[in-house]
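*Asks:* task: produce atomic coordinates for the following.
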Amino acid sequence: MDTVTQAALGACIAQAGFSERLGRKALVVGTVCGLLPDFDVLLSVGSDHFTYLQTHRGWSHSLLVLPIIALFIAWLAMKWATRPKAQLATPVPSHINNFGVWYLLCFLTLITHPLLDLFTTYGTQIFTPLSNARYTLDGVSIIDPIYTVPLLIAIIIGLIRKKPIKDRKWAVTALVFSSAYLGFGLTNSLEAKKQANMQLTQHNFQAVDLRSSPTMFNTLLWRIVAKDKDGHFAVGFFSTVTKKPIEFTFYKNSENELINQALNSEQGKILRWFSTDLLRAELSESENGHKQVILTDMRFGLVTNPVSSFFIGVFEFDNNKKLLEISSTKADQDPIEPDKELKSIWSMIWPDS
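*Replies:* A predicted model of the protein is given here:
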């Protein structure tokens, strides 16, 4: 999820289980550990968009790697907290010199980062280096205030009141609520899939892959993406409030020599892997008369424009079928209008409001 949420989750875990034993510095360490896995974005600095897709949520999000990293971070945290100047504070926290407690704090705040990311649609490589497969539970939007705000409230109350026992209760309550909200999202996702499967059968569309992912900032309206054995797609939206029939739009997947060339390029292979093979290919013509192959990750898109994905590849070829340029955006791509998008989401969740 977003960096604010990951930092808040790390700080809230620290406040709930470690502020009494390690003092206020536990919140600092929890916040840093909550953010640390996302520092993998530095690996793609100066590189193109496709390198970013390849590196983000990789080894730094691995459930196999993070327990080892936690050892080093815990050692640094304890050294920082127990340095001579810090020991002047009174009273000294009861477990300030206990490496095991510091390790548990670092382990939990590091490991919950990829576990939370796992609930989003983006995909997380939780078993690197044994596997580079991307896993997702499709249970929550990458940004969702309903999940984040309770964590922030608990942290703010703790910082203002400075009463460890009561602070812990606020933090625990926020963590229980946020965890229950993830469960609520998973339940709605499964309901959306169930309804989509039944309705697609009525359209004689035999899905070999079907995903339901939450739209922006909520877990009530779900984007349905289904793919059949021929690579054709069906896209629609399902409200778990109204539960009205899904209005599907069907998109055919094109086949062409240039499309195969784009798919077999290094960037095409990255997009195919990143999209977990939910990649639509279409052939078009650019303004200068060149052929374009557009590869679209169908998992993502707007309510106002279902086929306008956040992740695409545009491959431009000359008349001799030579690849000239690869881009991650279309020249005529319309900018996102947040107000319009949110109004559309609201009207689909609550059509009579």
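*Asks:* now name the helix or strand holding the nearest residue to Thr304 once chain neighbours are set aside.
*Replies:* Leaving aside its chain neighbours, Thr304 sits nearest to Ser344 (5.1 Å; criterion: CB to CB, 6 or more residues apart in numbering). All C-beta spots, glycine's among them, are computed from the backbone N, C-alpha and C. Using DSSP states H and E, Ser344 sits within helix 338-349.
*Asks:* how far away from the center of its chain is that helix?
*Replies:* 21 Å (CA atoms, centre = their mean, to the nearest Å).
*Asks:* I'd like the mean pLDDT over that helix, please.
*Replies:* Helix 338-349 comes out with an average pLDDT of 90.
*Asks:* ok, now stretch 30-46?
*Replies:* Per-residue scores along stretch 30-46 average to 93.
*Asks:* just stretch 69-80 next, same as before
*Replies:* 96.
*Asks:* ok, residues contacting that stretch?
*Replies:* 25, 29, 33, 36, 86, 96-97, 99, 102-103, 105-107, 110-111 (CB atoms under 8 Å, 6 or more residues apart in numbering).
*Asks:* and for stretch 254-267?
*Replies:* With CB under 8 Å, 6+ apart, stretch 254-267 has contacts from 50, 268-269, 272, 279, 281-283, 291, 293, 295, 313, 315, 317, 321, 323, 326.
*Asks:* buried among those residues? Need that as a selection in ChimeraX.
*Replies:* Restricted to buried positions by 16 or more other CB atoms under 10 Å, the ChimeraX selection for the contacts of stretch 254-267 reads:
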select :50,268,272,279,281,282,283,291,293,295,313,315,317,326
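*Asks:* okay, and which of the contacts of stretch 254-267 map to strands?
*Replies:* Among the contacts of stretch 254-267, the members found in strands (DSSP state E) are 279, 281-283, 291, 293, 295, 313, 315, 317, 323, 326.
*Asks:* please enumerate the helices of the stretch 1-150 of the chain.
*Replies:* In the stretch 1-150 of the chain, the helices defined using DSSP state H, counting those that start in this stretch lie at 3-17, 19-22, 25-35, 49-55, 66-81, 99-117, 145-161.
*Asks:* what would those helices look like in CSV with distance to Ile224?
*Replies:* Output for these, formatted as CSV (distance: least, CB to CB, whole Å):
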stretch, distance to Ile224
helix 3-17, 25
helix 19-22, 43
helix 25-35, 32
helix 49-55, 23
helix 66-81, 33
helix 99-117, 22
helix 145-161, 21
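*Asks:* if I look at the nearest residue to Gln54 once chain neighbours are set aside, how far off is Gly139?
*Replies:* Distances taken as CB to CB, 6+ apart put Ile270 closest to Gln54, at 5.5 Å, once the chain neighbours are dropped. Counting by CB to CB, to the nearest Å, the gap from Ile270 to Gly139 is 25 Å.
*Asks:* quick revisit: out of the ones in strands among the contacts of stretch 254-267, which one sits closest to Phe119?
*Replies:* Closest approach between these and Phe119, by CB to CB: Leu279, at 22.5 Å.
*Asks:* correct me if wrong: the closest one contacts Trp273.
*Replies:* No - using CB atoms under 8 Å, Leu279 is not in contact with Trp273, being 9.4 Å away.
*Asks:* that older thread, and Ile270 and Gly139? Which one has more around it.
*Replies:* Gly139 (24 against 17; other CB atoms under 10 Å).
*Asks:* hmm, the more buried one is touching Phe119, no?
*Replies:* Yes - using CB under 8 Å, Gly139 makes contact with Phe119 at a distance of 4.1 Å.
*Asks:* so where is the stretch 251-353 of the chain shaky, pLDDT-wise?
*Replies:* Applying pLDDT under 70 to the stretch 251-353 of the chain flags residues 331-334, 353.
*Asks:* switch to 50 and redo it
*Replies:* Within the stretch 251-353 of the chain, not a single segment meets pLDDT under 50.
*Asks:* how about the helices of the stretch 151-300 of the chain, start to end?
*Replies:* 164-202, 257-264, 266-274.
*Asks:* pLDDT averaged over the longest one - what is it?
*Replies:* Spelled out, it's helix 164-202. The predicted model assigns helix 164-202 a mean pLDDT of 93.
*Asks:* flag every buried residue along that helix.
*Replies:* 167-168, 170-172, 174-175, 178, 181-182, 184-186, 188-189, 192-193, 195-196, 199-200.
*Asks:* cool, and stretch 147-156?
*Replies:* 147-148, 150-152, 154-155.
*Asks:* can you show me the CA trace of that stretch as PDB?
*Replies:* Output in PDB follows, covering the C-alpha atoms of stretch 147-156 (Å, rounded to 0.1, in the frame of the first residue of the first chain):
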ATOM      1  CA  TYR A 147      -7.800   1.200   6.600                       C
ATOM      2  CA  THR A 148      -5.300   4.000   7.200                       C
ATOM      3  CA  VAL A 149      -7.100   6.600   9.300                       C
ATOM      4  CA  PRO A 150      -7.700   4.500  12.400                       C
ATOM      5  CA  LEU A 151      -4.000   3.600  12.600                       C
ATOM      6  CA  LEU A 152      -3.100   7.300  12.300                       C
ATOM      7  CA  ILE A 153      -5.600   8.300  15.000                       C
ATOM      8  CA  ALA A 154      -4.200   5.700  17.400                       C
ATOM      9  CA  ILE A 155      -0.700   6.900  16.900                       C
ATOM     10  CA  ILE A 156      -1.600  10.600  17.300                       C
END
